[in-house]
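Enquirer: Just to be clear, the model below is a prediction. Sequence and coordinates:
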Amino acid sequence: MVKRVKVTVTGGAGGICYSLLFRLASGEVFGSDTYLDLIILEIPQGMNILKGVAMELQDCAFPLLLSITLTESADCAFDGIDYAFLVGSRPRSKGMERSDLLLENGKIFVEQGRALNRSPEAKVLVVGNPCNTNALILKHAAKNLPSSHICAMTRLDRNRATAMIAEKAKVGVNHVQGVAIFGNHSSTMVIDYLHATIKGKHAVEVIGDIKWFQEVLFPQVQQRGAAVLEARGHSSAASAANAAIDALKDWIFPSKEISCSAMYSQGNSYGIDGDLFFSFPTQGGKRVEGLKMDEFLLEKIKLSEKELIEERDIVKTYLR
């Protein structure tokens, strides 16, 4: 049966969306039997660029793309939608403290959360950073939306770790399974190497050096965004868009493969504070509970939790 979905993407004039929108319109996310009504939200300063992006979308003549709506209004953008990619957020400018960044983005996600009350069945993926705490702000503002309908993206960290493990083991990435991320999408993110496998064997056993995971892989993945920025002069865009597509497909087309997502932490079995968006391993779109951790991972997970609690304290004025 032919289906039709209404999807909102924010920050449409930015680099991530320039990679995301065309793949979304092609049918890659929802499949070849699903028509798409696309709503793109942008701030007034970005509307001219966005109009050019919309022209290119039209020029591609995507058969599944039924309509494109460009808007500056959150109420218009989130009215009666099925899915949302929240990509747009304020980037950190020179001299800006992280606390300032959190507060500035808080205003954006309060507004969008309130507008999302118009779509209580929507599924929402928060991509714009700091995505974990932006998702928490959104959750508190979108009171009509179940917390299970909101996730923040840590799939990019997972993809980076998977690729680096595959390179180290000299295998294709399809042979590396079970990599997951705990915690914040930040320099405190935690890679669960204990449950990763390479061709069905424990990754630590195959590589034969646990310190490589702890002392090489961890810092390389944690600092990968900064390394990309240094190398190309722009932050990760195509890889972030690809991760957003992967993340939503994991969510709406559940499989047996282990992945990860930052989900509302209430009721988890890992002892994490219950009012955070914290990345956990997922399977079939649901959190995987009760995985055993070593002392190194437990310590790192607690540090990431501490960072997210500190972020929550900074934005507490928005959590009402």
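Expert: Cool, got the structure.
Enquirer: can you map out the helices along this protein?
Expert: Under the criterion DSSP state H, helices of the chain are mapped to 15-25, 47-59, 74-77, 98-116, 131-141, 155-169, 203-207, 210-212, 218-222, 224-232, 238-252, 295-314.
Enquirer: quick one: which of the ones you listed is nearest R320?
Expert: Taking Cβ to Cβ as the measure, these were each checked against R320, and helix 131-141 came out nearest at 6.5 Å. Placement of C-beta: from N, CA and C, glycine included.
Enquirer: Could you identify which of the helices of the chain is most buried?
Expert: helix 131-141 (a mean of 26; mean count of other Cβ atoms under 10 Å).
Enquirer: Could you export that helix as PDB, CA atoms only?
Expert: Taking only C-alpha atoms (Å, rounded to 0.1, in the frame of the first residue of the first chain), the coordinates of helix 131-141 have been written out as PDB:
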ATOM      1  CA  CYS A 131      22.100  17.400  21.200                       C
ATOM      2  CA  ASN A 132      21.600  15.400  24.400                       C
ATOM      3  CA  THR A 133      20.600  18.500  26.500                       C
ATOM      4  CA  ASN A 134      18.700  20.100  23.600                       C
ATOM      5  CA  ALA A 135      16.600  16.900  23.600                       C
ATOM      6  CA  LEU A 136      16.000  17.200  27.300                       C
ATOM      7  CA  ILE A 137      14.800  20.800  26.900                       C
ATOM      8  CA  LEU A 138      12.600  19.700  24.000                       C
ATOM      9  CA  LYS A 139      11.100  16.900  26.100                       C
ATOM     10  CA  HIS A 140      10.200  19.300  28.900                       C
ATOM     11  CA  ALA A 141       8.600  21.800  26.500                       C
END
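Enquirer: If A84 is in a bridge, with which residues?
Expert: For A84, the beta-bridge assignment (DSSP bridges) gives partners T8, V124.
Enquirer: Neighbours of it, how many?
Expert: Neighbour count for A84, taken as other Cβ atoms under 10 Å: 28.
Enquirer: same check, this time on K292
Expert: Residues near K292, counting by other Cβ under 10 Å, number 8.
Enquirer: wait, what's in contact with it?
Expert: The contact partners of K292, taken as Cβ atoms under 8 Å, 6 or more residues apart in numbering, are L194.
Enquirer: Phi, psi for it please.
Expert: Per-residue torsions, K292: phi -80, psi 140 (degrees, to the nearest 10).
Enquirer: quick one: it from M47, how far?
Expert: Taking Cβ to Cβ, to the nearest Å as the criterion, K292 is separated from M47 by 51 Å.
Enquirer: Can you tell me the closest non-neighbouring residue to Q222?
Expert: In this structure, Q222 finds its nearest non-sequential neighbour in S187, 4.6 Å apart by Cβ to Cβ, 6 or more residues apart in numbering.
Enquirer: what's around the one you found, how many residues?
Expert: Should you count by other Cβ under 10 Å, S187 turns out to have 14 residues around it.
Enquirer: That one and Q220 touch, don't they?
Expert: No - no contact is recorded between S187 and Q220 when judged using Cβ atoms under 8 Å, the distance being 11.5 Å.
Enquirer: Nearest to D273, out of the helices of the chain?
Expert: The nearest among these, by Cβ to Cβ, is helix 295-314 at 6.0 Å.
Enquirer: Measure how that closest one sits relative to helix 98-116, angle-wise.
Expert: Going by axes from the mean of the first three to the mean of the last three Cα atoms, to 10 degrees, helix 295-314 is angled at 70 degrees with respect to helix 98-116.
Enquirer: by contact count, what packs against helix 295-314?
Expert: Other elements packing on helix 295-314 under the criterion 3 or more Cβ pairs under 8 Å, 6 or more residues apart in numbering; DSSP states H and E are helix 98-116, helix 131-141, strand 180-182, strand 190-192, strand 277-283.
Enquirer: per-domain residue ranges of the chain.
Expert: Domain assignment for the chain, taken from automatic domain parsing, gives 3-152, 155-313.
Enquirer: What's the end-to-end length of the shortest one?
Expert: This points to domain 3-152. Here the two ends of domain 3-152 are set 26 Å apart, with distance taken as Cα to Cα, to the nearest Å.
Enquirer: just to revisit the earlier point, kindly reformat the domains of the chain as a markdown table containing distance to R320 and mean pLDDT.
Expert: Supplementary listing: the domains of the chain in a markdown table, determined by distance: least, Cβ to Cβ, whole Å; pLDDT from 0 to 100:
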| stretch | distance to R320 | mean pLDDT |
| --- | --- | --- |
| domain 3-152 | 7 | 96 |
| domain 155-313 | 13 | 97 |
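Enquirer: of all those domains, which lies closest to L319?
Expert: domain 3-152 (4.6 Å).
Enquirer: buried set for stretch 189-197?
Expert: Under the neighbour-count criterion of 16 or more other Cβ atoms under 10 Å, stretch 189-197 has 189-197 buried.
Enquirer: What is the end-to-end distance of it?
Expert: Using Cα to Cα, the gap from the first to the last residue of stretch 189-197 comes to 20 Å.
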